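> sequence below, structure please.
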Amino acid sequence: MTTTTLAVLVPLLPFLGAAAGLLLGRTAPGFVRPLAVLPTLTSLVLAVLVAVRQGGDAAVNAATELTPTGSVPIELALHIDGFAALVAVLVGLVASCVQIYSTGYLRDDPRYPSYAALVSLFTSAMFLVVYSGDLMVLLVGWEVMGICSYFLVGHYWETPEARAASLKAFLVTKLGDVPFLIALFALATDAGSFRITKVLGAVASGGLDHPTLIALLLLAGVAGKSAQFPLHTWLPDAMAGPTPVSALIHAATMVAAGVYFIARLLPVFEASQAAMVVLAVMAAVTMIGSGLAALAQDDIKRVLAYSTIGQLGYMTGALAVGDRGAAVFHLLSHGAFKALLFLAAGAIIHAAGTNSLAAMSRMRNLRDRVPDAYWTMTVALLALAAVPPFGGFFSKEAVLGVAEHVVTGHTEHAPAAAGWIVLVAGLVTAVLTAAYATRLWLLAFRGQGAEAPDHGRQPLTMTVVLWVLAAPSLALGGLAFRVLPDWFDGRDLGPTLTTSVLGTGLALAGGIITYGAWRHTTARAARVPLGAVAAHPEGDAAQVEAEAITTHKPAYGDIAHAPDPADPGRMLLGPLHRHAAAGFHLDAVYTALFVRPVQAGASLVRFLDREVVETYVRGAGALPRWLGAAVRRTQTGNVQTYVSALLAGTVVLVVAAVLVATGA
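The predicted model follows:
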């Protein structure tokens with residue numbers, strides 16, 4: 001079987017599994033779980049085979065024209081280079097783990113068949129984005145992921161929080177997709193084709209007429225999909241969906257698509273120095289802002305959501321300094337440990353059993369009750385904090401290293417201003433990342449909240465997946481930075497001495513300071529009696545999560561419930577804590593700038609329709625109604641009246657005729 005055939009089967013199998021799952025979900029429920037797991041797992045195996053065959057050599061290209069368009073052709077094309085081959089393996093790995101994990105996590109959910117089918121369709125769409133060599137075909141996968149996220153985030157549609165979160169995710173990403181689509185048409189017009197290879201060829205020959213405008217329009221779509229400032233606000237609210245969905249979205253599909261797209265079309269952005277600086281500023285604001293916000297959140301999933309936004313900022317920062325190898329390296333590393341973090345959080349939600357979903361201030365004694373989640377999440381948090389020798393250290397240092405190369409003039413792929421912005425923001429974010437990772441670990445596993453009832457052991461499908469993902473979180477970085485250059489552009493991805501010392505030192509400082517603040521606040525809180533916390537009744541993990549959303553609405557508002565006095569985040573942030581917990585009120589700004597004007601316009605249109613348009617309509621119908629009423633009064637049913645009227649009419653006619661004749 002050829003590499004092209006294998007590559008076609010990779011997105012096709014999950015798609016067929018999704019279709020079969022939707023058809024058989026009600027009539028043959030016993031087939032639902034095999035149809036969810038086996039096609040995705042098979043796609044993972046095939047993606048590995050494609051990667052082995054591709055081997056980092058020349059890209060595999062194949063294309064066939066879908067239909068004559070009369071102008072720019074649209075082709076069903078494959079373009080598989082080292083980047084695509086490895087990202088597809090990541091997508092298959094995380095999706096397979098999510099499907100296996102979900103068989104236990106959602107074992108009692110009545111909507112599991114539709115959930116599993118949508119996850120498979122989501123996976124298929126991301127495979128299509130990764131392997132596609134045509135921008136319009138890529139756009140199909142791009143948009144299918146958007147609609148899948150809408151349904152999956154709103155899985156618990158009975159709750160207003162889930163409905164609002166799904167609608168917000170859909171609308172915000174669509175807001176970015178409009179300029180994104182315009183840019184794709186502009187690219188195709190200049191290049192004469194939607195084929196990615198031809199577009200890049202046009203860029204190399206100077207064939208783009210407006211590279212800055214096109215790059216900025218593309219950035220709008222990427223900012224929406226990959227949750228970058230200022231279109232990142234949908235991602236924390238998307239935590240209203242089931243936790244395995246969060247793992248899929250954050251680790252390997254939707255938010256990774258934007259970063260991967262820029263990596264695929266990086267020469268388009270490099271054609272404009274202004275676009276690279278804008279990309280660097282966007283990455284810097286995203287990194288620092290999300291780090292501060294994560295330090296102020298009480299819900300464990302919202303901490304991880306803001307963490308994802310910040311780590312995506314590292315990836316876009318690497319792209320802003322012209323190195324897609326470092327960006328995709330961090331994409332791969334982050335995918336492993338972030339999927340592990342979310343799936344471990346799902347185990348914690350079940351064990352904590354709090355009415356406030358996963359409020360860290362209400363957790364207690366979880367280390368002994370969920371040892372698998374404790375050890376694996378510890379590994380993932382160390383990788384997130386970029387502590388050597390864990391995977392996140394090497395990929396984060398690759399980003400800082402390329403930024404240093406731009407600053408010192410060792411590369412001319414990006415302006416020096418972009419290098420300085422990314423380097424300084426990356427170092428500041430290293431402190432913040434270590435701080436909120438340490439805070440999460442302390443509050444989740446050494447917290448002093450109320451003791452919740454023990455819900456028993458986690459299903460085996462949940463715990464096995466945690467250990468599977470712990471392996472790449474621990475070992476991927478140390479092995480990958482030596483091997484990946486052969487798969488990517490050949491640039492060195494190894495850590496440099498200066499940024500390694502600075503980054504690691506700052507990370508350790510952030511962790512130590514947070515630990516000291518926690519010790520101080522814990523000692524102070526010991527003198528303040530805490531009220532009892534209502535524990536959640538026993539149930540499976542999905543029920544705990546779904547009912548928690550219903551019973552604790554503020555968990556998805558601007559500010560969660562008042563934090564525990566032992567929270568070091570309040571002490572570290574000081575007066576900034578309230579604003580950081582609310583995401584720096586960006587949602588309020590959007591409400592003032594967009595939501596309220598739209599609502600006011602809608603109210604005006606409604607008033608005009610009711611009081612003006614309907615008035616004319618009612619007036620036009622009034623005259624026939626009055627005439628009808630007058631005529632109806634003559635219909636008495638009395639024959640004598642009718643004969644009298646007939647005679648009277650005859651007399652009138654005779655008189656009129658005589659008068660006319662006399663006058664003549």
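> could you find the closest non-adjacent residue to Lys198?
Ala191 (5.2 Å; CB to CB, 6 or more residues apart in numbering). Glycine gets a C-beta too; all of them are placed from N, C-alpha and C.
> in contact with that neighbour, which residues?
Applying CB atoms under 8 Å, 6 or more residues apart in numbering to Ala191 gives the contacts 198-199, 201-202, 207-208.
> which regions of the chain lie under the pLDDT threshold?
In the predicted model, the chain carries pLDDT under 70 at residues 352-358, 364-365, 448-457, 477-478, 525-565, 664.
> just the strands in it please.
All strands of the chain, identified by DSSP state E, fall at 60-67, 74-80.
> identify all contacting residues around the first one.
Right, strand 60-67. Under CB under 8 Å, 6+ apart, the answer for strand 60-67 is 3-4, 7, 54, 73-81, 133-134, 195, 197.
> out of the strands of the chain, deepest packed?
When the strands of the chain are scored by mean count of other CB atoms under 10 Å, the highest mean neighbour count falls to strand 74-80 (a mean of 21).
> which other helices and strands contact that one?
Applying 3 or more CB pairs under 8 Å, 6 or more residues apart in numbering; DSSP states H and E, one finds that strand 74-80 makes contact with helix 3-24, strand 60-67, helix 112-131, helix 135-153, helix 196-204.
> swap the cut-off to 6 Å and go again
Packed against strand 74-80 by the contact rule (3 or more CB pairs under 6 Å, 6 or more residues apart in numbering; DSSP states H and E) you find strand 60-67.
> report the angle between the strand it packs on and helix 3-24.
Per axes from the mean of the first three to the mean of the last three CA atoms, to 10 degrees, the angle that strand 60-67 makes with helix 3-24 is 60 degrees.
> within the sheet, what are the partner strands of strand 60-67, with directions?
strand 74-80 (antiparallel) (DSSP bridges).
> between the partner strand and helix 135-153, how many degrees?
80 degrees.
> list of residues touching strand 74-80?
For strand 74-80, the external contacting residues (CB atoms under 6 Å, 6 or more residues apart in numbering) are 7, 54, 59-66, 131, 133-134, 136, 194-196.
> one step back: state the distance from the residue nearest to Lys198 to Gly17.
According to CB to CB, to the nearest Å, Ala191 and Gly17 sit 35 Å apart.
> same deal with Ser120?
5 Å.
> related to what we said a few turns ago, distance to Val402 added to the strands of the chain, as a markdown table?
Below are the strands of the chain laid out as a markdown table (distance: least, CB to CB, whole Å):
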| stretch | distance to Val402 |
| --- | --- |
| strand 60-67 | 27 |
| strand 74-80 | 24 |
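> what's the closest of the ones you listed to Phe31?
Taking CB to CB, strand 74-80 is the member of the strands of the chain nearest to Phe31, at 29.8 Å.
> I'd like to check the angle between that closest one and helix 112-131, please.
Between strand 74-80 and helix 112-131, the angle comes out at 80 degrees (the same axes, to 10 degrees).
> which residues sit against stretch 403-416?
273, 276-277, 321-322, 419-420, 422-423, 499.
> report the buried residues of that stretch.
403-407, 411, 413-415 (16 or more other CB atoms under 10 Å).
> widest-spaced pair of these?
Pairwise over the buried residues of stretch 403-416, using CB to CB, the maximum falls at Glu404 and Pro415, 14.7 Å.
> hmm, back to that, tell me which of the buried residues of stretch 403-416 is nearest to Thr514?
Ala403 (25.1 Å).
> any idea how far the nearest residue to Ala336 once chain neighbours are set aside is from Ala380?
Leaving aside its sequence neighbours, Ala336 sits nearest to Pro472 (CB to CB, 6+ apart; 4.0 Å). As judged by CB to CB, Pro472 and Ala380 stand 10 Å apart.
> more crowded one of those two?
Between Pro472 and Ala380, counted using other CB atoms under 10 Å, the more crowded position is Ala380 (30 against 22).
> from Ala373, how far out is that one?
10 Å.
> same question, Arg439
Counting by CB to CB, the gap from Arg439 to Ala373 is 17 Å.
> ditto for Val399
For Val399, the distance to Ala373 - CB to CB - is 29 Å.
> between these two, which is the more surrounded one?
Val399 (31 against 27).
> once you drop chain neighbours, what's closest to the more buried one?
Val399 sits nearest to Ala318 (CB to CB, 6+ apart), 4.4 Å away.
> for the one you found, give me its contacts.
Neighbouring residues of Ala318 by CB under 6 Å, 6+ apart: 326-327, 399, 402.
> over to Tyr115?
Contacts of Tyr115 (CB under 6 Å, 6+ apart): none.
> so who does the residue nearest to Arg324 when sequence neighbours are not counted touch?
Spatial nearest neighbour of Arg324, chain neighbours left out: Ala263 (3.9 Å); criterion: CB to CB, 6+ apart. Shown in contact with Ala263 (CB under 6 Å, 6+ apart): 324, 327-328.
> which PyMOL command selects the buried ones in those?
For the buried members of those, the matching PyMOL selection, counting by 16+ other CB under 10 Å, is:
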select buried, resi 324+327+328
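> possible to save the contacts of Ala263 as TSV with distance to Glu161?
Shown next, in TSV, are those (distance: CB to CB, whole Å):
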residue	distance to Glu161
Arg324	37
Ala327	33
Val328	34
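> select from the contacts of Ala263 every entry located in helices.
Here DSSP state H is the test, and those give 324, 327-328 as lying in helices.
> of those, just say which sits nearest to Gly510.
After measuring the ones in helices among the contacts of Ala263 against Gly510 - CB to CB - the closest member comes out as Ala327, at 23.3 Å.
> distance of the closest one from Asp489?
11 Å.
> what do you get for Ala507?
28 Å.
> neighbour count winner among the two?
Ala507 (28 against 16).
> Ala385 is in contact with that one, correct?
Yes. Contact criterion CB atoms under 6 Å: Ala507 and Ala385 qualify, at 5.4 Å.
> overlap in contacts, these two.
Ala434.
> the nearest residue to Gly447 once chain neighbours are set aside: neighbouring residues, count only.
Closest residue to Gly447 apart from its sequence neighbours, by CB to CB, 6+ apart: Met363 at 4.3 Å. Neighbours of Met363 under the rule other CB under 10 Å: 28.
> any idea how far Val303 is from Met363?
Counting by CB to CB, the gap from Met363 to Val303 is 12 Å.
> how about Pro179?
31 Å.
> cool, Ala215 as well?
With distances taken as CB to CB, Ala215 is found 32 Å from Val303.
> compare those two (neighbour count), which wins?
Val303 (27 against 24).
> show me the contacts for the more buried one.
294, 297, 440.
> the closest residue to Gly141 other than its chain neighbours - how many residues pack around it?
Excluding its sequence neighbours, the residue lying closest to Gly141 (CB to CB, 6+ apart) is Leu128, at 3.4 Å. Per other CB under 10 Å, the neighbour tally for Leu128 reads 22.
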